[in-house]
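Below: sequence and its predicted model.
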Protein chains: 2
Amino acid sequence: MKKVGVAILGLGVVGGGTYKTLTEHREFYKQIHGIDIAVESVLERNVERALSLGIEKSKITQSIDDVCANSEVNIVVEVLGGIEPAKTFVLAALNSGKSVVTSNKELYCKYGHELEKAAKLNGCGLYYEATCVGGVPIIRTLLDNLQGNKINSLMGIINGTTNYILTKMTDCGVSYNEALKEAQSLGYAEANPTADVEGFDAVYKLSILSSISFHTKVPYTKIHREGITKIDAVDLQYGKRLGYVLKLLAIGKNTADGIEVRVHPAFIKSAHPLAGVNDSYNAVYISGDCVENVMLYGRGAGALPTASAIVGDVIYCATHNNFNYSTFENTENADPATKFVTDFKSAYYIRLKAQDKAGVLSKVTSVLSKHNISVAQVIQENGRSDGAVPIILVTHETYENNVQNAVAEINSDGGFASVSAVIRVC
Amino acid sequence: MKKVGVAILGLGVVGGGTYKTLTEHREFYKQIHGIDIAVESVLERNVERALSLGIEKSKITQSIDDVCANSEVNIVVEVLGGIEPAKTFVLAALNSGKSVVTSNKELYCKYGHELEKAAKLNGCGLYYEATCVGGVPIIRTLLDNLQGNKINSLMGIINGTTNYILTKMTDCGVSYNEALKEAQSLGYAEANPTADVEGFDAVYKLSILSSISFHTKVPYTKIHREGITKIDAVDLQYGKRLGYVLKLLAIGKNTADGIEVRVHPAFIKSAHPLAGVNDSYNAVYISGDCVENVMLYGRGAGALPTASAIVGDVIYCATHNNFNYSTFENTENADPATKFVTDFKSAYYIRLKAQDKAGVLSKVTSVLSKHNISVAQVIQENGRSDGAVPIILVTHETYENNVQNAVAEINSDGGFASVSAVIRVC
């Protein structure tokens, strides 16, 4: 029986889940896949943590050189996260002829080209299914299932923390801060939640997914990014009345005008398959020119769902002789021939606080009209005790810049109304 | 550039879609995948049809020997459907050293073992993503993504025709016959709809999917099968009131008592991700011991969505040197060591027509109780002019045989009530 030795770099949540999965399923994999996969080495500073998982002391190291020199190790699983020392370790592993499986989205997003180059040079495999959307099989689906399609667009809920927070705000009417606190107490959000709630995590994943989908390097710096920290719960309630659900969406489109990539909160129709993706679940909705629409749904994070993706890559790597590389090994930056759309098209939800006077709605719509924005839906509420009237408008599709200009004009023009919220509508 | 020659056996809906996709995307595949995929041969009796697609006369044949002898052909795409001549043709192709990509679920379900054996013997690839659920990447997900999991269960809406009919019945309150006629007029159902509406199509797919998922041959003859022809629209309305949606479900479970496989109409909770899968869309919901739950959603049929799966297999086959085979090449029948569950567990929706007399509900529940069935929900309507009262019960989980016995006893016992419908609840 073929023996395969694995090293795990980092025994955090995902590393621990990977160790557990590989060891508990060892007999199962022998029986089903005909390979004996053994964890031969673990790189972990916290020796106690490693020992508490039942790992033999002789297999625990703090030195990447030990791992690279270990002839029993064929595949190195990197689950450290962050750029360094992960980058140095992964390059060392590849340069010592070991295949690498990684869950490190930031590393693959920013330095995937260097890793690909080293993998190709050394004839090693480089697998990264776990970088995007945990246990959801999105990378292999794009590479090995939908590769006959021209992918027109992908739209994803690819961050579990923000989806949990927005689901709580929608269902329970609580504020962003209350929902964040609950997410933190349940371990869905970190003490410093910035990477999630400001959309950085989603941006890294979208960079990887749109590069694969559109066959051109989409650097994360090209992605328009807005988080959810400024979302007011009242807009989720108005959205509900209008038939929409609010999600933090990662959107990639390959249009005639160029590549359009953005991460921001957006309303989607409540009948859309993504609208039912709640709590910490994730999903990606892909449109291809043959397949029409496909959606992949599941756990986007967590020890065992992410371990599922990692172990899937480990077994795949162990049972396939030839490695297929992405085409990005020489492309740190975008191809100069690739155009990126900056002034994208969308429909918009706009909430205003208007003076309770005759002609205010007319003034608002006249500014919008001047900027080529036409209105599809309106809610005007009764005036409140402070003399302010909430007006909610949903526009037809228009350009982002038109809306930004119209909002600036309304806000600066004598105070007949001020814009409280602008949310894109998909 | 590597040249790959393809032969297409059969230019029906899917064959035509495959031809169109391969020819229209030829330059795209050269550019992106670095291979030149050319359709070198087409086996089609209807020469006019082939010519109308723009295929050169010299490439059209009616003889599988021509295809097998054609040294330009590396990959044979079989999209004829049915057992013969497809089986003979596929075996001939494999035995002449050509890899095969097939969409033929009935053939792969019934004779997959023979095809696998021939492929292995000849060192050829055998790909069958398109046999199950059209463009939805279910086969490769099970083989190459979730293969580190023990799959506990899968639950699918894997037939588009029946899902279209049930969606119409649910949304518009029309009868089965009306919905069927509409499906036929739109091309979603065939003139003879038996294979779809009686569940045979779903049974073939479930046999393939559960064999892969549970790593043991699950012959289609082991699958409990019920179609949708006896569904009364009134039950969909009662179901809606109780919070359920009716779907034709294909269910596979790997339980401590054995493999449980069944295709039948079933109510699912309206909040379940499968409940929102409407019209001719399909989806499969998979539970694995690491990944938790994953759902794959998309078009389960149609020329181009199915071509997406076929062309994905063609490109995969053309870009990978080593073929990985299933383990079923010697298993026509179930492994004698594999146990199959026949008396499965479920909750049940039961609609009765009862006499409008005191004590009838008590009599009904007493029979149920005698058979170890306890009731979770009840709707009793006002008596009708004919003196019959509709009673709707939803039970807690119990055994199928208990329910069948209780129903038989109620129906035979003096006429105080008769059972009009029994529908399983998932």
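Received it, and whenever you're ready, just let me know what you need. Numbers count the residues shown, from 1 in each chain, chains lettered A, B, ... in the order given.

which element is residue A:295 on?
strand A:292-299 (DSSP states H and E).

Mind giving me the packing neighbours of that strand?
helix A:138-144, strand A:281-288, strand B:292-299 (3 or more C-beta pairs under 8 Å, 6 or more residues apart in numbering or on different chains; DSSP states H and E). Yep, even glycine has a C-beta here, placed from its N, CA and C like the rest.

Return the distance of it from the chain's centre.
With C-alpha atoms, centre = their mean, to the nearest Å as the basis, strand A:292-299 stands 14 Å off its chain's centre.

Could you quantify the relative orientation of that strand and strand A:281-288 as an angle?
160 degrees (axes from the mean of the first three to the mean of the last three C-alpha atoms, to 10 degrees).

Could you look up the next helix or strand downstream of strand A:292-299?
That would be, after strand A:292-299 and using DSSP H and E, helix A:303-319.

mean confidence for the helix or strand hosting residue A:266?
Following DSSP H and E, the helix or strand that holds residue A:266 is strand A:258-269. Per-residue pLDDT over strand A:258-269 has a mean of 98.

now for it, which elements pack on it?
Taking 3+ C-beta pairs under 8 Å, 6+ apart as the contact cut, strand A:258-269 packs with helix A:200-214, strand A:224-225, strand A:244-255, strand A:417-425.

Of the ones you listed, flag the one that's most buried.
Neighbour counts (mean count of other C-beta atoms under 10 Å in any protein chain shown) averaged over each of these peak at helix A:200-214, with a mean of 25.

ok, the nearest residue to residue A:35 once chain neighbours are set aside to residue A:30 distance?
Among residues not flanking residue A:35 along the chain, residue A:2 sits closest, at 4.8 Å (C-beta to C-beta, 6 or more residues apart in numbering or on different chains). Using C-beta to C-beta, to the nearest Å, one gets 10 Å for the distance from residue A:2 to residue A:30.

residues from the stretch 1-150 of chain A in reach of chain B?
A:17, A:21, A:25, A:28-29, A:32-33, A:129, A:135-137, A:140-141, A:144-150 (C-beta under 8 Å from any C-beta of the partner chain).

Those residues in helices, which ones?
Judged by DSSP state H, the residues of the stretch 1-150 of chain A next to chain B include A:17, A:21, A:28, A:29, A:32, A:33, A:140, A:141, A:144 as members of helices.

Please give me every residue in contact with the first one.
With contacts defined as C-beta atoms under 8 Å, 6 or more residues apart in numbering or on different chains, the neighbours of residue A:17 are A:302, A:303, A:304, A:306, A:307, B:290.

One more: residue A:112?
A:128, A:208, A:326, A:328.

For residue A:176, give me the pLDDT.
Looking at residue A:176, the pLDDT reads 98.

wouldn't it be in contact with residue A:228 here?
Yes. In this structure, residue A:176 is within contact of residue A:228 by C-beta atoms under 8 Å, at 6.8 Å.

Look at the two and report which has more neighbours.
residue A:228 (24 against 18; other C-beta atoms under 10 Å in any protein chain shown).

Nearest to chain B within the stretch 1-150 of chain A, name that residue for me.
residue A:148 (3.2 Å; C-beta to the nearest C-beta).

neighbours of that residue, just the number please.
Counted with other C-beta under 10 Å, residue A:148 comes out at 29.

my guess is residue A:229 is in a strand, correct?
No. Assessed with DSSP: H, G, I helix; E, B strand; the rest coil, residue A:229 is coil; it does not lie in a strand.

State the distance from residue A:125 to residue A:75.
Taken as C-beta to C-beta, the span from residue A:125 to residue A:75 is 8 Å.

Pull up the overlap in contacts between the two.
Shared contacts of residue A:125 and residue A:75 (C-beta under 8 Å, 6+ apart): A:99, A:100, A:101, A:317.

Pairing partners for the first one in the sheet, please.
By that I understand residue A:99. Judged by DSSP bridges, the bridge partners of residue A:99 are residue A:75.
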